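Novice: The following comprises the amino acid sequence and a computationally predicted model.
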Amino acid sequence: MARPTIFTEELADAICERLAAGESLRSTCAGDDMPGETTVYRWLQSDSLFRDKYARARETQAERWAEEVLSIADDGANDWMERNHPDNPGWVANGEHMQRSRLRVDTRKWLMSKLLPKKYGDKVAQEISGPDGAPIQQVTRVERVIVRGNAAD
């Protein structure tokens with residue numbers, strides 16, 4: 001069976017629902033019943049309603065990732081592992097798991113800052129722009145002062 005290439009509302013809804021649930025476009029499009037990524041990008045170029053729905057799904061996805069960041073950071077279930085060495089029993093930090101958790105959090109934070117920069121972007125970037133993200137306007141005022149005569153005259 002060939003992948004679908006004709007746009008339908010049902011496919012658009014399915015794609016957006018999966019994105020909003022936190023899934024990537026790549027994994028969403030991996031199934032044989034879904035269009036390829038290139039097809040989805042073509043639909044985004046040609047259909048403004050789908051483009052709007054897709055943008056809202058991506059915003060929801062960023063919010064979901066914010067929730068996941070909290071869950072990942074709060075979950076310490078595999079941070080420690082039992083050492084089975086007879087001469088050195090006890091518990092030891094599971095550095096690999098901790099680093100993977102940090103990577104998962106940092107990746108989500110980075111993506112969130114790109115999808116919703118006003119909400120999750122760096123404050124420095126927001127502070128160096130004008131109102132509503134517009135460029136900063138620089139105004140220079142030059143005054144001409146005319147001095148007439150001299151007080152000693």
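Specialist: Now that the structure is in, tell me what you want to look at. Numbers count the residues shown, from 1 in each chain.
Novice: Which strand or helix spans residue 64?
Specialist: When elements are assigned from DSSP states H and E, residue 64 belongs to helix 48-74.
Novice: what's the distance between residue 71 and residue 19?
Specialist: 19 Å (CB to CB, to the nearest Å). Heads up, the C-betas are built off the backbone N, CA and C, glycines and all.
Novice: Go through the helix holding residue 64 and flag the buried ones.
Specialist: By neighbour count with 16 or more other CB atoms under 10 Å, helix 48-74 contains the buried residues 50, 53-54, 57-58, 60-65, 69, 72.
Novice: Report the contact partners of residue 107.
Specialist: Neighbour list for residue 107: empty [criterion: CB atoms under 8 Å, 6 or more residues apart in numbering].
Novice: Give me the contacts around stretch 41-56.
Specialist: 7, 12-13, 15-16, 19-20, 35.
Novice: what's the distance between that stretch and the middle of its chain?
Specialist: In this view, stretch 41-56 has its centroid 18 Å away from the chain centroid, taken as CA atoms, centre = their mean, to the nearest Å.
Novice: Over to stretch 115-122?
Specialist: Taking mean C-alpha positions (CA atoms, centre = their mean), stretch 115-122 and its chain are 7 Å apart.
Novice: Pull out the buried positions in it.
Specialist: If you call a residue buried by 16+ other CB under 10 Å, then stretch 115-122 has these buried ones: 115-116, 120.
Novice: how much space is there between residue 75 and residue 108?
Specialist: For residue 75 relative to residue 108 (CB to CB), the value is 14 Å.
Novice: Not counting its own residues, what contacts stretch 8-27?
Specialist: Residues outside stretch 8-27 that contact it (CB under 8 Å, 6+ apart) are 4, 28-29, 34-35, 37, 40, 43, 47, 50, 53-54, 56-58, 60-61, 64-65, 68.
Novice: mind exporting it as CSV, just the C-alpha atoms?
Specialist: Extracted in CSV, the C-alpha atoms of stretch 8-27 (Å, rounded to 0.1, in the frame of the first residue of the first chain):
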residue,chain,number,x,y,z
THR,A,8,-7.5,15.2,3.8
GLU,A,9,-8.8,16.8,7.0
GLU,A,10,-8.6,13.4,8.7
LEU,A,11,-4.9,13.1,8.0
ALA,A,12,-4.3,16.7,9.0
ASP,A,13,-6.1,16.2,12.3
ALA,A,14,-4.2,13.0,13.0
ILE,A,15,-0.8,14.6,12.3
CYS,A,16,-1.7,17.6,14.5
GLU,A,17,-3.0,15.4,17.3
ARG,A,18,0.2,13.4,17.4
LEU,A,19,2.3,16.5,17.3
ALA,A,20,0.3,18.1,20.2
ALA,A,21,0.8,14.9,22.2
GLY,A,22,4.6,15.5,22.0
GLU,A,23,5.5,13.2,19.1
SER,A,24,7.9,14.4,16.5
LEU,A,25,6.9,14.9,12.9
ARG,A,26,9.5,12.2,11.8
SER,A,27,7.9,9.5,14.0
